[in-house]
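A.B. asks: coords below, sequence missing:
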């Protein structure tokens, strides 16, 4: 039996159209228009340029592909299926169904070959900037004049919606400054969004906009001409800047009555239109049937294996000449911590305990980062223009700048005032591999970042988000900058570990835990100094459990007992309330709970030992009170804030809002009745 000759590019593109319209129709849900409109762009990139291996989607030097306009997920699923990834036709038939590998929007960790979760428009573009930055920094660090082991591109598809979102400005402006020339974006300029023709609400001169960012722009590319797109990609690869390829396309291309209309954007075409489309494009096969000649043309398994084998050979030569660098690259690419990590982490925590300093936890964080930087060469920090306030830098930090070779170099990113773009770029860095990336801003501005935090949690990416100035303790800047609801709201995001430590030891534990954690972490720190607390070795070991007994009941007081649960700056207040309560005949146990999210994951026996049933509880935190009812119940008490703050010195504000020993004692007595 002879192998059929490869199909022409028109058949390759029409296979995407057929799969997209058939899968959406079967699901009775989805977005056929974009996949049909970008089919030829997919052919040009995926069959002629993308260096990937379907049999090993995690090969270190593969090109990265991001579908930022993630609603068109059937384009990506079709490409993955046709090129040979572990995505059989049955999964395409189960598009948008429970537990399938083809969810409505691409999800990292579910579908082989999906590099990041997309759907919230613009975030994929910012993820791609993070990935391209990772490639540039790794190339600077590991490549040698006679050996290049990091050399891949990051490709991203974007639509009008992505470019309307503000995050596209944040991310693309930064990419231009850093000259991320291995980043190539394809703009699907079809002029249509959900509400209709975008000219009525979006008529930016996009090429001029990106030229102003410092990008190379290739305008007026016919998006339905495979050779034209191919030529544009070749041109883009020669640039010393990131490139935007502006592709003029027709949404729903091939559909006789719905092409060029928003009717094809987010709904099935319908049986009648699909039949007419099949006739119009000459697609004679039944739904979900792909002829062998099309599979032959698309099959990337052999070429992918060759790409990786060639790289393996080059890496072996590199390892023979540069064994230490090769071992380090392999470790970091595998997202493994150094062999001596556990010992070093314990030393960082022990050092904080020995110094016993009373400092702001943002300063304690900087001290922890200093220790981490000596252990983790992959540490990549940054801040959204608040380095001096967040204290996210360290002595050996080197700002990321473009070097003489035109590559980004350094280990500390000045993200500028771009909180959302920073957070999404950190997600891209974390997903790419090779770095432990973190970035800082004020806690109040976590609202700007929030959707990137949510997506990080959905992906379980090991991103680290640092938030300082965590409460009314910020002081005179007033309620616009004082966080009230933020800590509680971050705790509500599934899979997001949130830490609000009380002193230097808890801060060190929070940092080491975040480094080890396989998902995202929020580290929340104070502006003001916080009292150091003495602990036993057993207590230090229990900090990583998220909540533990910092001071236990006075056993001589047996009549009445209360548990004071506190976090961050309010732990000091809880400790100060113990003696006055004792004078009232009340024995108080102080439970420091730096991470409710971690504490809640402990076994029932441990949680019962810390918070035994039958003992009344009072929670103390400079934030909204509702969150704490899950711990104290309706019969317990909460010392919190349920209004916005005020502009005044921190000490005045804490007293004004009832964060005093007297109020804690009164609340405890009221809870006991």
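C.D. replies: Nice, thanks for sending it over. Source: prediction; values computed, not measured.

A.B. asks: The stretch 351-500 of the chain: helices as residue ranges?
C.D. replies: With helices called from DSSP state H, counting those that start in this stretch, the stretch 351-500 of the chain shows them at 361-375, 387-390, 419-432, 446-459, 486-491.

A.B. asks: I'd like these laid out as a markdown table, including mean pLDDT and distance to residue 280.
C.D. replies: In short, each C-beta sits where N, CA and C put it, glycine included. As requested, the helices of the stretch 351-500 of the chain are arranged in a markdown table below (pLDDT from 0 to 100; distance: least, CB to CB, whole Å):
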| stretch | mean pLDDT | distance to residue 280 |
| --- | --- | --- |
| helix 361-375 | 99 | 60 |
| helix 387-390 | 99 | 57 |
| helix 419-432 | 99 | 39 |
| helix 446-459 | 99 | 38 |
| helix 486-491 | 99 | 50 |
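
A.B. asks: Can you pull out the low-pLDDT segments for this structure?
C.D. replies: By pLDDT under 70, the low-scoring segments of the chain are 1-5.

A.B. asks: Where does the record place the domain boundaries for it?
C.D. replies: The chain breaks down by the TED database into domains covering 9-54+65-126+154-298, 340-525, 546-672.

A.B. asks: In TSV, list those along with mean neighbour count and distance to residue 539.
C.D. replies: Converted to TSV, those look like this (neighbours: other CB atoms under 10 Å; distance: least, CB to CB, whole Å):
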stretch	mean neighbour count	distance to residue 539
domain 9-54+65-126+154-298	21	36
domain 340-525	22	9
domain 546-672	19	6
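
A.B. asks: Now render the ones you listed as TSV, adding distance to residue 540.
C.D. replies: TSV is the format used below for the domains of the chain (distance: least, CB to CB, whole Å):
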stretch	distance to residue 540
domain 9-54+65-126+154-298	34
domain 340-525	6
domain 546-672	9
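
A.B. asks: Of all these, which one is nearest residue 325?
C.D. replies: Ranking the domains of the chain by distance to residue 325, with CB to CB as the measure, places domain 340-525 first at 10.7 Å.

A.B. asks: what ranges do the strands span in the stretch 301-450 of the chain?
C.D. replies: Listed in chain order, the strands of the stretch 301-450 of the chain (DSSP state E, counting those that start in this stretch) span 359-360, 379-383, 401-402, 408-409, 412-414, 436-442.

A.B. asks: got these as TSV, with distance to residue 671 columns?
C.D. replies: What follows is the strands of the stretch 301-450 of the chain, written out as TSV (distance: least, CB to CB, whole Å):
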stretch	distance to residue 671
strand 359-360	31
strand 379-383	41
strand 401-402	56
strand 408-409	55
strand 412-414	47
strand 436-442	33
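
A.B. asks: Tell me which of the ones you listed sits nearest to residue 590.
C.D. replies: Between those, strand 359-360 lies closest to residue 590; by CB to CB that is 20.7 Å.

A.B. asks: and the closest one, what other elements does it pack with?
C.D. replies: strand 529-530 (3 or more CB pairs under 8 Å, 6 or more residues apart in numbering; DSSP states H and E).

A.B. asks: what's the following helix or strand after the strand it packs on?
C.D. replies: helix 537-543 (DSSP states H and E).

A.B. asks: what's next to that next one, contact-wise?
C.D. replies: If you take CB atoms under 8 Å, 6 or more residues apart in numbering as the criterion, helix 537-543 is touched by 349, 353, 505-506, 509, 535, 548-550, 592, 594.

A.B. asks: Sitting in helices, which of these do you find?
C.D. replies: Taking DSSP state H as the definition of helices, the contacts of helix 537-543 contribute 349, 353, 505-506, 509.

A.B. asks: quick one, which of the domains of the chain is nearest to residue 143?
C.D. replies: The nearest among the domains of the chain, by CB to CB, is domain 340-525 at 8.8 Å.

A.B. asks: Tell me which of the strands of the stretch 301-450 of the chain sits nearest to residue 121.
C.D. replies: strand 436-442 (21.5 Å).

A.B. asks: Pairing partners for the closest one, with directions?
C.D. replies: strand 379-383 (parallel), strand 464-468 (parallel) (DSSP bridges).

A.B. asks: Adding distance to residue 258, write the ones you listed out as JSON lines.
C.D. replies: Listed next are the strands paired with strand 436-442 as JSON lines, based on distance: least, CB to CB, whole Å:
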{"stretch": "strand 379-383", "distance to residue 258": "45"}
{"stretch": "strand 464-468", "distance to residue 258": "42"}
